[in-house]
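Engineer: Next comes the sequence, and after it the predicted model I'd like to discuss.
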Amino acid sequence: MTITDVLKKYTDVWMKIPGVVGAGEGKSEGKPCIMVFTNGNSRLIKKKIPKTIDGHKVIFEETGEIKAR
């Protein structure tokens, strides 16, 4: 699966986890990865979302709450 496919499959599920505020594609060490954005409760979130999904590395980034302008 591509990262886009993984995001389409899992983003709605991840967004239901308390503390997850977004997900997208990013880069880690120059390679594409899945970014999961959190509002601070990342230890609990990391227990629910694995470090790799379908061969793609998952990176967690604490951003705080994300609001549309």
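Structural biologist: Right, received. Where do you want to start?

Engineer: tell me which element P18 falls in.
Structural biologist: Here P18 is covered by no helix or strand, with elements defined by DSSP states H and E.

Engineer: Quick check: closest non-adjacent residue to it.
Structural biologist: Nearest residue to P18 in three dimensions, chain neighbours excluded: N41, at 6.6 Å (CB to CB, 6 or more residues apart in numbering). Any C-beta I mention is one placed from the backbone N, CA and C, and that applies to glycine too.

Engineer: From T2, how far off is the one you found?
Structural biologist: Using CB to CB, to the nearest Å, N41 is found at 29 Å from T2.

Engineer: do I59 as well
Structural biologist: I59 sits 17 Å away from T2, going by CB to CB.

Engineer: now swap in K16 and tell me
Structural biologist: Taken as CB to CB, the span from K16 to T2 is 23 Å.

Engineer: quick one: which of those two has more around it?
Structural biologist: T2 (11 against 8; other CB atoms under 10 Å).

Engineer: Which pLDDT value belongs to the more buried one?
Structural biologist: On pLDDT, T2 comes in at 93.

Engineer: what's downstream of the lengthiest helix in the chain, the next helix or strand?
Structural biologist: Identified as the longest helix of the chain according to DSSP state H is helix 3-14. Counting by DSSP H and E, the element after helix 3-14 in chain order, helix or strand, is strand 20-28.
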